[in-house]
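In: No sequence on hand, only this structure:
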């Protein structure tokens, strides 16, 4: 399944190693790779987006602990405003740290920056000017990060530009055009063709693995689109080693799950989030998104493999080893939005090499990662079949029997706001216009006299989104943030012919909705459109007197034992929003912390702590308007400390140790606050 790949000469490639004596190196430069002993990641470093290829977000550091977390001070900070032609308000990156140098993507042009990990001093910058191709990219801004590779003699950094080029920063490397050698012709052309990615590539052994992404949450113009295939490339030469067709071609396994030859023209079905790898087993785990389109699939009858499937492929060949489809015939935008987590656990006294997949629907799907067999039974259960004209429905869906759902994934009257009987009745009146039901309740055709749509939880912005979960390999516990109250109505209306060739698109009572989850600000440096600042969440808000329609907790962190398949603890994460705390009827009530409605919170696990920032700003007696970075005892969930951030957490936090000091770095942005990386550490002795 290999192929030839064109590599464009790169005039300004950078070595991943930069000695401090080099000083300030801005722009493009040649730097030699440093020969040294065989590279092995240290526990004090953070060499991969999720700390490791297993997706754990874990480092066993404990200099920062429960006793001193609240004493943290800002060690350094860097705004990303000037790494491009305009500020960005959606900084989602997680940096890497290797050999005392921190690497991150930053700014509207998705530059790569290198910083002294102790001081934050800028060492060098690399950026690409992609012109019209960058301006037309479906996934723009700084993205989520980059990848590091070394064989002990050479070091390389790899990232994907907004215009879908794989860049390797090293004096011998170059740029790979990812719109070529993809077993398809990108339409309408290479400049404006819709395909890209914002996640970090993955490097395992000598293979670079890259997925594909498309536009976020917008009404597709057509049932036809480019396909999101996954490819592996040789890290040294750029040669394509393999390709996995996430929509099967004729004669390939799974093609018959696309009735009426719909696999030939349907698009999307990419892997836009992080990929995990078991290097020892030589296996790659691909979390695949929905096909075109998110909410209507009448033009693609059948179960639609490998849409919304976890697929295991061989690292060397890309050949499928096993798969499991989490949602048959996807209709709810339940993309597998986060990285699978690799875990070695003990179940019923037997060791299991497991893979655990968090999800928007709040289920944690757990499999033997070698065979694909569910660790605990996953049952096919009957679900409601809808009545939208022309739609095709699966009569059953898979339900894990263990662990239990860790967030809400359906809407009933019992889920509605219940602070007072009066508020509950107002909520009842609102939802009476909608169709309610459990998880997998199908979308409905929107009607003015009702139902306006299906009211859902655990769909596009629910449960665990792209930051994913974390895992403690010592205790075998997964920690997952979930939005527990991100309610979204899914109504379908006939598509105007000048809007889309789909029969139905998302809308309410004849009006197109086109729900967008990366709210509007996604214009990058080469885009002609003016920037729009993010509003703190892209899910639809249905409110009662400005209060959330759904009762607390609005956002949670849950600890789940993979040995036992049960929830160990669950807490509300995030300060109670100002609108709730300041509601006149509550001023004399002691409202327990509610957590916050947001979908993009990642967790960091250390030797003793679970660390996560808030996704909304608040103003309290304890801190000025801003957000808090909070630490919890990982055994109990009890909060043990918090420090102030000037804006919400917008990228997953990471940690490392250099010169005997532990640091925590987190990306913040949103609202009027442009992107910034902030590094926290403990005060030095004598301060």
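Out: Cool, got the structure. None of these values were measured; they are calculated from a predicted model.
In: okay, CA-based contacts and neighbour counts for the rest of this
Out: Noted.
In: longest helix anywhere in the chain?
Out: helix 421-431 (DSSP state H).
In: what does that one rub up against?
Out: Applying C-alpha atoms under 8 Å, 6 or more residues apart in numbering, the external contacts of helix 421-431 come out as 413, 416, 417, 418, 455, 544, 549.
In: How far off centre is it?
Out: Taking C-alpha atoms, centre = their mean, to the nearest Å, the mean C-alpha location of helix 421-431 is offset from the chain mean by 34 Å.
In: Among the contacts of helix 421-431, which are located in helices?
Out: With helices taken from DSSP H, there is no overlap with these.
In: Now tabulate the residues you listed in TSV and tack on distance to residue 144, pLDDT and neighbour count.
Out: Listed next are the contacts of helix 421-431 as TSV, based on distance: C-alpha to C-alpha, whole Å; pLDDT from 0 to 100; neighbours: other C-alpha atoms under 10 Å:
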residue	distance to residue 144	pLDDT	neighbour count
413	38	97	16
416	35	98	22
417	35	97	23
418	38	94	17
455	31	97	27
544	35	95	19
549	32	97	25
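In: returning to that earlier point: now do the buried residues in the longest helix of the chain.
Out: Across helix 421-431, burial judged by 16 or more other C-alpha atoms under 10 Å covers 423, 424, 425, 426, 427, 428, 431.
In: And these, which is closest to residue 590?
Out: residue 423 (17.1 Å; C-alpha to C-alpha).
In: Can you give me the separation between that closest one and residue 487?
Out: Using C-alpha to C-alpha, to the nearest Å, residue 423 is found at 17 Å from residue 487.
In: Also residue 415?
Out: Separation of residue 415 from residue 487 (C-alpha to C-alpha): 11 Å.
In: Give me the common contacts of these two.
Out: Shared contacts of residue 415 and residue 487 (C-alpha under 8 Å, 6+ apart): residue 550.
In: the more surrounded of those two?
Out: Neighbours were tallied for residue 415 and for residue 487 using other C-alpha atoms under 10 Å; the higher tally belongs to residue 487 (27 against 16).
In: close enough to count as contact, the more buried one and residue 454?
Out: No: in this structure, residue 487 is not within contact of residue 454 by C-alpha atoms under 8 Å, at 10.3 Å.
In: quick one, helices of this protein?
Out: Counting by DSSP H, the helices of the chain are 131-135, 421-431, 578-581.
In: Now tabulate those in JSON lines and tack on mean pLDDT and distance to residue 384.
Out: Output for the helices of the chain, formatted as JSON lines (pLDDT from 0 to 100; distance: least, C-alpha to C-alpha, whole Å):
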{"stretch": "helix 131-135", "mean pLDDT": "94", "distance to residue 384": "42"}
{"stretch": "helix 421-431", "mean pLDDT": "96", "distance to residue 384": "19"}
{"stretch": "helix 578-581", "mean pLDDT": "94", "distance to residue 384": "35"}
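In: ok, and the closest non-adjacent residue to the residue nearest in space to the middle of the chain?
Out: The centre of the chain sits closest to residue 466, judged by C-alpha atoms, centre = their mean, with a distance of 1.5 Å. Nearest-residue entry for residue 466: residue 338, 4.5 Å, with adjacent residues in sequence omitted and distances by C-alpha to C-alpha, 6 or more residues apart in numbering.
In: do the same with residue 54
Out: Closest residue to residue 54 apart from its sequence neighbours, by C-alpha to C-alpha, 6+ apart: residue 342 at 4.9 Å.
In: For beta bridges, what are the partners of that neighbour?
Out: Counting by DSSP bridges, residue 342 forms beta bridges with residue 355.
In: So it sits against residue 52, correct?
Out: No: applying C-alpha under 8 Å as the test, residue 342 and residue 52 come out as separate, 10.1 Å apart.
In: neighbour count winner among the two?
Out: Neighbour count, other C-alpha under 10 Å: between residue 342 and residue 52, residue 342 has more, with 25 against 17.
In: Next one: the more buried one relative to residue 399, how far apart?
Out: Between residue 342 and residue 399 the computed distance is 21 Å (C-alpha to C-alpha).
In: give me every residue that touches the closest residue to residue 307 other than its chain neighbours.
Out: Take residue 307 and drop its neighbours on the chain: the residue closest to it by C-alpha to C-alpha, 6+ apart is residue 290, 5.1 Å away. Contacts of residue 290 were listed using C-alpha under 8 Å, 6+ apart, and they are 268, 269, 270, 307, 308, 330, 333, 334, 335.
In: From residue 366, how far off is residue 290?
Out: Distance, residue 290 to residue 366, by C-alpha to C-alpha: 20 Å.
In: Residue 449 too?
Out: From residue 449 over to residue 366 the distance is 43 Å, taken as C-alpha to C-alpha.
In: Between these two, point out the one with more neighbours.
Out: residue 366 (27 against 8).
In: Assess the claim that the more buried one and residue 359 are in contact.
Out: No: judged on C-alpha under 8 Å, residue 366 makes no contact with residue 359 at a distance of 11.2 Å.
In: shared neighbours of those two, which are they?
Out: Residues touching both residue 366 and residue 359 (C-alpha under 8 Å, 6+ apart): none.
In: Just give me the neighbour total for residue 67.
Out: Using other C-alpha under 10 Å, residue 67 has 10 neighbouring residues.
In: excluding its backbone neighbours, what's nearest it?
Out: Residue 67 sits nearest to residue 640 (C-alpha to C-alpha, 6+ apart), 7.6 Å away.
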